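Student: Structure here, sequence nowhere to be found:
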């Protein structure tokens, strides 16, 4: 009789303090009997932040969801844990959640007038100036534009993409960058 946590997947792409963090937990019943009312819990920084009672038929796999929020930036140690069973080694799944102090956002447009409203909207969201660093660029060739240092790139003028011959943008996206 054994339940195993086989995977934990972070569904939220951008983590911010006091915003929802969604996790998907895969659990498999590798045993020959149905398992009923087993405690599955999410523990972050040694504090239980989510619990649910789960049941799984024999030799079945199921996905469970947790939603939580963290009040501070930095590295947070996390674990998903099942109640004890015949094989304890697969009852815990450890991972880290990192919330950076700031997010870097690049606005790329032909003119500053084109990006004015988006820039002002982002400034309004960033009231204290602590969460977002907003930079504006008028060309992809700007030597100060370091795509690898950006969390999100907003291309205000899509026609700029037609003249793009460099693979910097492709590399940025391949490495997990976000383009809007």
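Tutor: On my side now, so go ahead. Keep in mind the model is a prediction, meaning the values are calculated, not measured.

Student: switch to C-alpha atoms for all contacts and neighbour counts from now on
Tutor: Will do.

Student: ranges for the helices of this structure?
Tutor: 112-125, 168-174 (DSSP state H).

Student: Can you say which of the ones you listed is nearest to residue 3?
Tutor: Ranking these by proximity to residue 3 (C-alpha to C-alpha) places helix 168-174 first, at 35.2 Å.

Student: List the buried residues for that closest one?
Tutor: 169, 172 (16 or more other C-alpha atoms under 10 Å).

Student: Going forward, count from 52.
Tutor: Taking 52 as the first residue, the last one we looked at is helix 219-225.

Student: How far away from the center of its chain is it?
Tutor: 19 Å (C-alpha atoms, centre = their mean, to the nearest Å).

Student: Just put the helices of the chain in a markdown table and tack on mean pLDDT and distance to residue 68.
Tutor: Formatted as a markdown table, the helices of the chain follow (pLDDT from 0 to 100; distance: least, C-alpha to C-alpha, whole Å):
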| stretch | mean pLDDT | distance to residue 68 |
| --- | --- | --- |
| helix 163-176 | 89 | 13 |
| helix 219-225 | 78 | 24 |
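
Student: Redo these as TSV? Include distance to residue 132.
Tutor: Formatted as TSV, the helices of the chain follow (distance: least, C-alpha to C-alpha, whole Å):
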stretch	distance to residue 132
helix 163-176	36
helix 219-225	32
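
Student: Indicate which one of those is closest to residue 112.
Tutor: Here helix 219-225 is closest among the helices of the chain (C-alpha to C-alpha), at 30.6 Å.
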